[in-house]
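K.L.:
Next one to model:
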Amino acid sequence: MTDLGFERPLYILPFDHRGSFQSGLFGWKGALSQEQTERVAASKAIIYDGLLAAVAGGVPKERAGLLVDEQFGAVILRDARARGFLTAAPAEKSGQHEFDFEYGDDYARHIEAFSPTFCKVLVRYNPEGDAAMNHRQAARLRHLSEYLHRTGRKFMFELLVPAEQAELEELHGDTGAYDRSRRPRHMVDAIHELQDAGVEPDVWKIEGLDRAEDCAAVVAAARRGGREGVGCIVLGRGEDEAKVDSWLSTAAGVPGFIGFAVGRTTFWDALVGWRDGRTTREAAVAEVARRYTRWCGLFAERAERR
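P.N.:
Residues are numbered from 1 along each chain as shown. Presented below is the predicted three-dimensional model:
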């Protein structure tokens, strides 16, 4: 595991969402027409231009990265790579409860075609959940992990730990109580189980945590057993700016958290305004740049103080 990990600052702008763009942003169901596909791609180009504007405005380029899908962002992936940005592309089918590959057994060819810095997966994995499903997911993820490390590629793992229905019932439906009292422990257990199954991410993309000690426990799990170079980044989960501020401030104070991946909180309002004709494309780009720049400054300032 000598080459495992990634320790440089990593400020990701993720917009690899597919289902939520089609149905959530535009209200479209089923197969898209060429015109609809181009409209989604145009919305993602706004986000990309926001990243470029942020870097032009002073965000360090070597820290700036993006996560975008092949379906709507192939042009962006190629352009960002040519410009020397950190890039990430998803391998998972969008909107699935159980992890599976977007392109089935052909996943390697798609990764090689774009050669992103990171191959990313989004996985819902609760150690208290469906054991058979967890086992199936881990087996698929081990194949991907082994392929990536064999070919010298980096692996980014977005771990979501949703509450089981029985847990929510015990907590009287209080999702905040679950986030505080159950999810941090489940995250550590999930990381251990996946590592033991042969899944070896270089970067863990983690739901926000309210307590620094919980962040430190996640880092300890990610780096156990000779995995000292593995990094963690915190995601925004579509929360409001105040909550994202809090999560980033907490994580940035903990060694081992190297950055963030905040998507919808950065771009959603700007895209809705553009979609509805209430704001210009230029204003939407500027708003994406403003919010992303804010996260970068906040994380860097807090990390420097630790």
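
K.L.:
what helix or strand is the spatially closest residue to Phe260 that is not a sequence neighbour on?
P.N.:
Excluding its sequence neighbours, the residue lying closest to Phe260 (C-beta to C-beta, 6 or more residues apart in numbering) is Val234, at 5.0 Å. C-beta: built from backbone N, CA, C; applies to glycine. Element membership for Val234 (DSSP states H and E) is strand 231-235.

K.L.:
re the thing from before, what's the neighbour count on the residue nearest to Phe260?
P.N.:
29 (other C-beta atoms under 10 Å).

K.L.:
Dig out what it forms beta bridges with.
P.N.:
On the basis of DSSP bridges, Val234 is bridged to Ile206, Phe260.

K.L.:
still on that earlier bit, tell me the mean pLDDT for the strand holding Val234?
P.N.:
Strand 231-235 comes out with an average pLDDT of 97.

K.L.:
distance of Val254 from Val188?
P.N.:
From Val254 across to Val188, the span is 14 Å (C-beta to C-beta, to the nearest Å).

K.L.:
Mind checking which of the two has more residues around it?
P.N.:
Neighbour tally, Val254 and Val188, criterion other C-beta under 10 Å: the higher count belongs to Val254, 22 against 19.

K.L.:
what residues does stretch 74-87 touch?
P.N.:
Residues outside stretch 74-87 that contact it (C-beta atoms under 8 Å, 6 or more residues apart in numbering): 10, 12, 41, 44-45, 48, 51, 61, 63-68, 70, 89, 114-118.

K.L.:
Buried ones in stretch 296-306, by neighbour count?
P.N.:
For stretch 296-306, a neighbour-count test (16 or more other C-beta atoms under 10 Å) marks Cys296, Leu298, Phe299, Ala300, Arg302, Ala303 as buried.

K.L.:
For the stretch 1-150 of the chain, give me the ranges with low pLDDT.
P.N.:
Within the stretch 1-150 of the chain, the set of residues satisfying pLDDT under 70 comprises 1-2.

K.L.:
can you map out the helices along it?
P.N.:
19, 34-56, 70-82, 107-114, 131-150 (DSSP state H, counting those that start in this stretch).

K.L.:
tell me the contacts of the residue lying closest to Leu51 once chain neighbours are set aside?
P.N.:
Leaving aside its sequence neighbours, Leu51 sits nearest to Leu13 (C-beta to C-beta, 6+ apart; 5.0 Å). Contacts for Leu13 (C-beta under 8 Å, 6+ apart) come out as 47, 50-51, 64-67, 261-263, 266-267, 288, 292.
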